[in-house]
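Participant: Quick check, what structure comes out for this input:
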Amino acid sequence: MVGGAKGLYHFGQNVYGLTINKKDFAMLLGTLRAQSKEYVHLADEIGKRFSKREILLDSLGISASFLHSYAFVDKLPDEVLRAYELSYPLKSQSESLEDIIENYDDAELAGIVNGIKGKLFELRYVDYLNDGHIPDGYQAVLAESAINPGWDIAILGADGSVAEEIQLKATN
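Facilitator: A predicted model of the protein is given here:
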């Protein structure tokens, strides 16, 4: 029953996608292009004002000066630390996130930051889904492995079986 309803829902979405007229499509495409130009402009302006390292650290919601002050190292947000531990389970056992931020070069730090941002997105999306955005009796769960092939989040039915698998990609 649930599978049939989902199939009908997805069919409706696909039919709607086919029925959008050229004028509406052109308008939406124009809006997307304008937004894209604005984002590129903003990124250029930010790149002129801040170093790549500051931008990377700020993208985690942490200021560089805050991180470099050992007096406040214990103040890293719990969700950032959890995302680091889930993204890099082996590395997190031997290296703290504070040590990585202090000692890695910009290229290495960029990779770590991107992994953490992706995991934060997944964690927040699981919370979003479980906060009333999936049917009652269903539960969203994160994949147990940071490198799970094919999906990041599973939607479990009341009987614990997988009803849906979701692959996510966090972008700019």
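Participant: Could you use CA atoms for every contact and neighbour count after this?
Facilitator: OK.
Participant: Residues contacting stretch 85-93, please?
Facilitator: Applying C-alpha atoms under 8 Å, 6 or more residues apart in numbering, the external contacts of stretch 85-93 come out as Tyr84, Gly115, Ile116, Lys119, Ser145, Ala146.
Participant: Which among those residues count as buried?
Facilitator: Tyr84, Gly115, Ile116, Lys119 (16 or more other C-alpha atoms under 10 Å).
Participant: Now the residue sitting nearest the centre point of the chain: closest residue in space, sequence neighbours ignored.
Facilitator: Per C-alpha atoms, centre = their mean, the C-alpha nearest to the average position across the chain is that of Phe121, at 2.5 Å. In space, and not counting its chain neighbours, Phe121 is closest to Ala170: 6.5 Å by C-alpha to C-alpha, 6 or more residues apart in numbering.
Participant: And the helices in the chain?
Facilitator: Residue ranges of the helices in the chain, as given by DSSP state H, are 2-19, 22-49, 52-59, 64-68, 78-87, 89-94, 97-103, 106-128.
Participant: just to revisit the earlier point, possible to save the buried ones among the contacts of stretch 85-93 as JSON lines with pLDDT and distance to Pro77?
Facilitator: Compiled in JSON lines, these are given as follows (pLDDT from 0 to 100; distance: C-alpha to C-alpha, whole Å):
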{"residue": "Tyr84", "pLDDT": "92", "distance to Pro77": "11"}
{"residue": "Gly115", "pLDDT": "88", "distance to Pro77": "16"}
{"residue": "Ile116", "pLDDT": "89", "distance to Pro77": "12"}
{"residue": "Lys119", "pLDDT": "90", "distance to Pro77": "14"}
